[in-house]
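Enquirer: Only the shape, not the letters, is given here:
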């Protein structure tokens, strides 16, 4: 789910911030952040929980490194979210400047590629003989 959401955000939603009139950008950002968090945060927490469970031997009977690699990528995603994207959203909610919008779009590729890689890893786990369905 997060892969689909992040690609939509990266290609459609974040670039549309640049089309919001300057005098409405702060209000738009605040509304965006509130509404997006209501959908994304529960999904991110579920993802964190399931990732942690998959790293335990009882859930990873094949001893695959894929869940651990996925967890490392998730750590990068969370670090990017809370050290880059969240501060940029906070800045945007105060300043409403388009330079911050550009920085938000350009730095969000970290998460876009991270969640895409996690989808590939999840697919590999599901399709492998020693994975979840094997």
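Expert: Now that the structure is in, tell me what you want to look at. Since the structure is predicted, the reported quantities are computational estimates derived from the model, not experimental observations. Numbering: from 1, shown residues only.

Enquirer: Which elements pack onto the longest helix anywhere in the chain?
Expert: Assignment by DSSP state H gives helix 22-54 as the longest helix of the chain. Of the remaining helices and strands, those touching helix 22-54 by 3 or more CB pairs under 8 Å, 6 or more residues apart in numbering; DSSP states H and E are helix 2-8, helix 66-80, helix 86-95, helix 98-107. C-beta here means a position set from N, CA and C on the backbone, and glycine is covered the same way.

Enquirer: Same question for the third one: list its buried residues.
Expert: For helix 86-95, the neighbour count (16 or more other CB atoms under 10 Å) marks 88, 89, 91, 92, 93 as buried.

Enquirer: Where does the prediction get shaky in this structure?
Expert: 57-63, 129-134 (pLDDT under 70).

Enquirer: give the contact list for the residue sitting nearest the centre point of it.
Expert: By CA atoms, centre = their mean, the chain has its centre lying nearest to residue 111, at 4.9 Å. Contacts of residue 111 were listed using CB atoms under 8 Å, 6 or more residues apart in numbering, and they are 6, 77, 80, 81, 85.

Enquirer: Now distance to residue 38 too, for the buried residues of helix 86-95, in CSV please.
Expert: Below are those laid out as CSV (distance: CB to CB, whole Å):
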residue, distance to residue 38
88, 19
89, 14
91, 21
92, 18
93, 16
